[in-house]
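>>> Here's my sequence, what's the structure:
(2 chains)
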Number of protein chains: 2
Amino acid sequence: MLVACLFLLGSVPANAQTDPLLSWNEGKTKQSIVDFVKRVSAKDGKDFVPPAERIAVFDNDGTLWAEQPLYFQLVFALDRVKALAPQHPEWKEKEPFASLLKGDLKGALAGGEPAIFQIVMATHAGMTTEEFEKTVRDWIATAKHPKTGRLYTEMVYQPMLDLLAYLRGNGFKTFIVSGGGVDFMRVFAERVYGIPPEQVIGSSGKLKFELRDGKPVLVKLPEIDFINDKSGKPEGINKFIGRRPIAAFGNSDGDLQMLQWTAAGSGARLMMLVHHDDDKREYSYGPTSKIGTFSDALMADAKKNGWTVISMKDDWKRIFAFEK
Amino acid sequence: MLVACLFLLGSVPANAQTDPLLSWNEGKTKQSIVDFVKRVSAKDGKDFVPPAERIAVFDNDGTLWAEQPLYFQLVFALDRVKALAPQHPEWKEKEPFASLLKGDLKGALAGGEPAIFQIVMATHAGMTTEEFEKTVRDWIATAKHPKTGRLYTEMVYQPMLDLLAYLRGNGFKTFIVSGGGVDFMRVFAERVYGIPPEQVIGSSGKLKFELRDGKPVLVKLPEIDFINDKSGKPEGINKFIGRRPIAAFGNSDGDLQMLQWTAAGSGARLMMLVHHDDDKREYSYGPTSKIGTFSDALMADAKKNGWTVISMKDDWKRIFAFEK
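Below is the predicted model:
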């Protein structure tokens, strides 16, 4: 104990000099984060928020990690279709699987949402939760991004990792609130983001409890339980957290309602949107993208409401940890 | 910092001498709790569990607080029917409301689950989440238990409060996993049990996100979203926590699957059932009770699996904090 105390005492000056947001460029955006955290943490200030109420919510795809050229979970599903094809000879004749197995991704996805639904259900259901977890764990340990050749789990944004750690260091509880599948994200969220499974909120399928040889299992059924996107995000926040966040971070039209819900609480609030405007270091996309659409209406909403738009190009000193 | 360190150093011997489970009688039951906590906390022991995985789940009604003569949430619903009756003249002719408003509780509940469903929906839906929270908060501030004359929030079991604090003091994260309504429990769980809303899992209705005069609200719909009872408990645990608990506490047949699910994990496990066998200090009920049924089959399961049955009569020195 004494040693620990001396260590703590000794380390204070060093900590005080370290910039917790090292990967952010100096400027208005970074300053707005630091100002907000100081305001809600100042014990005697008018904006003080008790630590238990310092809830911060983060979208995942395009906010914490990259989402181009395809949502990574969809890449996983496509890979699984190939791996499972030998057990499903009927897929050779059945869309969207037939196109997919011929290497025609565009043809497979031409069926739109119903096609994607079929691919997701065929690869995310019909197994126990433990079997699914193992499959994701094995896949994500080796699957690599087509452009950078890096593991998908390396495609996380270093400034957002800085931000997560900074908020937690100031008593915040950080949550993922994503349209992605909750069972998929929970496999890596703790290791990659330091966010434990119980703080990951996402879309989910229905489950069925069964005893198999006396051992209980949860079977993933091919039925949607909950879609945690758009107005589903505030609903998911109420379902899983039961308390209104004071900070929310997104990057697309799917995050609008989450930011509205966060903003509508009383007291200090921080709403931010990551804008993908850096085609050199990452991708540049926006109003016309099929993935992570950032519509002109969202940009107008952000301006009108005083939400901060983060320019990846201008505000982020470094995007990925693997950059020099 | 120095002062804080000296304070910590000074307080160690005092803490070490305090029994954290003061309201428990000495004996096998208390010892099994202490042994379990020591085993999973011993850094070099074979049963060590990292703090992030020390998840403990608790049923609410009959496990953390009393549930006789009626589930407290049902008492709330009945009171609300009376309060809302002037706005619903049609209830005078419509069961189960008509009987209820005449003071005939037995007649109102004679309709079984569908009658209860109607009462719950009429009193828990059709308003925003904020309006509902306020209603519960106001009710629970004054509503009193018919036998003891104490506030319902005083009808919590002191030994379980000791246990919650003891587990949290040893790095556990404590969750409520109850068949009760999640929006109801979250109003008081933090104040009464020290369990924040995001660690309360329960049954829920569907929600609808709306903008009213530009302000976002969540409206509670009269549709069931999820019933967190029986096999719903492991499903709820997977949905909300995404990690298997290492300790589970219940008191009725509705908790069987939660205990099975907890027990089926590898490593040290603690499964306990509160048995209501103290009609002097609380209530005595079991296999034939309509509320909190503890069937003979559950008792046999507990014996076969080595789960600990807590005798309120023998194992609890004090049941409620208000006892001398």
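
>>> For the stretch 151-300 of chain A, which segments count as strands?
For the stretch 151-300 of chain A, the strands defined by DSSP state E, counting those that start in this stretch occupy A:173-181, A:200-212, A:215-226, A:247-250, A:270-275.

>>> tally of neighbours for A:L109?
Neighbourhood size, A:L109 [other CB atoms under 10 Å in any protein chain shown]: 19. Any C-beta I mention is one placed from the backbone N, CA and C, and that applies to glycine too.

>>> Tell me how far it lies from chain B.
29 Å (CB to the nearest CB, to the nearest Å).

>>> does that residue really touch A:A115, like I thought?
Yes. Here A:L109 reaches A:A115: they are 6.1 Å apart, a contact under CB atoms under 8 Å.

>>> Give me the common contacts of those two.
Taking CB atoms under 8 Å, 6 or more residues apart in numbering or on different chains as the criterion, A:L109 and A:A115 both touch A:P96.

>>> re earlier: out of the strands of the stretch 151-300 of chain A, nearest to A:K102?
Minimum separation from A:K102 across those (CB to CB) falls at strand A:215-226, 24.0 Å.

>>> Could you confirm whether any residue of that closest one contacts chain B?
Yes. Applying CB under 8 Å from any CB of the partner chain, one finds strand A:215-226 in contact with chain B at A:K215, A:P216, A:L218, A:D225.

>>> How confident was the prediction at the nearest residue in space to the first one that is not next to it in sequence?
Leaving aside its chain neighbours, A:K215 sits nearest to B:A264 (5.7 Å; criterion: CB to CB, 6 or more residues apart in numbering or on different chains). According to the per-residue confidence, B:A264 scores 98 in pLDDT.

>>> again, but for A:K290
Looking at A:K290, its pLDDT stands at 89.

>>> Grab the most central residue of chain A for me.
By CA atoms, centre = their mean, chain A has its centre lying nearest to A:N60, at 1.2 Å.

>>> how many neighbours does the residue lying closest to it once chain neighbours are set aside have?
Nearest non-adjacent residue to A:N60, counting by CB to CB, 6+ apart: A:S178, 3.7 Å away. Using other CB under 10 Å, A:S178 has 30 neighbouring residues.

>>> got it, and the one 3 residues further on?
By the criterion of other CB under 10 Å, A:G181 has 21 neighbours.

>>> Could you measure from it over to A:V217?
Distance, A:G181 to A:V217, by CB to CB, to the nearest Å: 19 Å.

>>> so who does A:A66 touch?
A:F72, A:H145, A:M155, A:Y157, A:E282, A:Y283.

>>> Now the buried members of the residues of strand A:215-226 next to chain B.
A:P216, A:L218 (16 or more other CB atoms under 10 Å in any protein chain shown).

>>> can you map out the strands along the stretch 1-150 of chain A?
Remark: strands assigned in the stretch 1-150 of chain A by DSSP E, counting those that start in this stretch are A:55-58.

>>> Buried deepest among the strands of the stretch 151-300 of chain A, which one?
strand A:247-250 (a mean of 28; mean count of other CB atoms under 10 Å in any protein chain shown).

>>> how many other residues sit next to A:A52?
By other CB under 10 Å, 14 other residues sit near A:A52.

>>> any idea how far A:L298 is from the nearest residue to A:M271 once chain neighbours are set aside?
Of all residues not flanking A:M271 in the chain, A:W307 sits nearest, at 4.1 Å (CB to CB, 6+ apart). Going from A:W307 to A:L298 by CB to CB gives 9 Å.

>>> Find the residues that touch each one of these two.
Joint contacts of A:W307 and A:L298 (CB under 8 Å, 6+ apart) are A:L273.

>>> Comparing those two, which shows the higher neighbour count?
Remark: of A:W307 and A:L298, A:L298 carries more neighbours, 24 against 21, as counted by other CB under 10 Å.

>>> List the residues that contact that one.
A:L298 neighbours (CB under 8 Å, 6+ apart): A:S252, A:D253, A:L256, A:L273.

>>> so what's it scoring on pLDDT?
Reported pLDDT for A:L298: 98.

>>> Please apply the same query to A:L109.
On the pLDDT scale, A:L109 gets 89.

>>> so what's it up against?
Going by CB under 8 Å, 6+ apart, A:L109 touches A:P96, A:A115, A:I116.

>>> Now rank those by neighbours and give me the top one.
That'd be A:P96 among the contacts of A:L109, by other CB under 10 Å, with 25 neighbours.

>>> Identify the residues contacting it.
A:P96 touches A:G107, A:A108, A:L109, A:A110, A:G111, A:A115, A:Q118, A:I119, counting by CB under 8 Å, 6+ apart.

>>> The residue nearest to A:M271 and A:R244: what is the separation?
Using CB to CB, we find A:W307 at a distance of 16 Å from A:R244.

>>> for A:K208, same thing?
33 Å.

>>> next one: A:I224
The gap separating A:I224 from A:R244 is 26 Å, by CB to CB.

>>> residues touching A:G202, list them.
For A:G202, the contact set (CB under 8 Å, 6+ apart) comprises A:60, A:176-185, A:228, A:236.

>>> repeat that for 7 Å
The neighbourhood of A:G202, defined by CB atoms under 7 Å, 6 or more residues apart in numbering or on different chains, consists of A:S178, A:G180, A:G181, A:V182, A:M185, A:N228.

>>> I'd like those residues as CSV, with distance to A:E53 appended.
As requested, the contacts of A:G202 are exported to CSV (distance: CB to CB, whole Å):
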residue, distance to A:E53
A:S178, 22
A:G180, 26
A:G181, 29
A:V182, 24
A:M185, 24
A:N228, 22
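
>>> Of those residues, which pair is most distant in space?
Of all pairs drawn from these, the greatest distance, 10.5 Å, lies between A:M185 and A:N228 (CB to CB).

>>> so what sits against both of the two?
Here A:M185 and A:N228 have A:S178, A:G202 as joint contacts, going by CB under 7 Å, 6+ apart.

>>> How about the contacts made by A:T123?
Applying CB under 7 Å, 6+ apart, the residues contacting A:T123 are A:A77, A:R80, A:V81, A:L84.

>>> Inside helices: which ones of those residues?
Those of those mapping onto helices are A:A77, A:R80, A:V81, A:L84, per DSSP state H.

>>> Would you mind giving me the ChimeraX syntax to select the buried ones in the residues you listed?
Listed next is the ChimeraX selection for buried residues among the ones in helices among the contacts of A:T123, using 16+ other CB under 10 Å:
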select /A:77,80,81
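
>>> Identify, from the ones in helices among the contacts of A:T123, the entry nearest to B:S41.
A:R80 (39.3 Å).

>>> Tell me the pLDDT of that closest one.
97.

>>> any idea how far A:K144 is from A:F188?
According to CB to CB, A:K144 and A:F188 sit 15 Å apart.

>>> typo on my end, it should be A:V49
For A:V49 relative to A:F188 (CB to CB), the value is 30 Å.
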